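J.: Only the shape, not the letters, is given here:
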């Protein structure tokens, strides 16, 4: 009986945590741009909310058959704080069309500049 109750509570907690995190999100896309070399995104991000936020940075290559994820990075940002960020592809990429996407919880805001070195 205890085992079933514990299992049910775990399932309910998982469903609730998924539904609250998926319901409201901030998303911003930089690009697409035709670039080659080390593709980067530099800028600032702020979290004016009362809880810690996790900002997900995704670098995509844009292709006719669909976007291909090149790199993903995660930044934790404390409540009521802001930070400067510098994300890059780390390695030199061939000529192509790329874009950066930032995804975080609602309330987080970001600005930046995308380019290549």
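T.: On my side now, so go ahead. It should be emphasised that the depicted structure is a prediction, and the values quoted were computed from it without experimental measurement.

J.: Residue 77: neighbouring residues, count only.
T.: 19 (other C-beta atoms under 10 Å). Heads up, the C-betas are built off the backbone N, CA and C, glycines and all.

J.: residue contacts, the residue nearest to it when sequence neighbours are not counted?
T.: Distance criterion C-beta to C-beta, 6 or more residues apart in numbering; nearest residue to residue 77, sequence neighbours excluded, is residue 47 at 4.4 Å. Shown in contact with residue 47 (C-beta atoms under 8 Å, 6 or more residues apart in numbering): 53, 77, 78, 79, 80, 81, 82, 104, 107, 108.

J.: The helix or strand containing residue 60: what's the following helix or strand?
T.: Using DSSP states H and E, residue 60 maps to strand 53-62. Tracing the chain past strand 53-62, the next element assigned as helix or strand by DSSP H and E is strand 68-77.

J.: What strands line up against the helix or strand following that following strand, and which way round?
T.: Remark: after strand 68-77, the chain's next helix or strand is strand 81-88, criterion DSSP H and E. When pairing is defined by DSSP bridges, strand 81-88 lines up against strand 39-47 (antiparallel).
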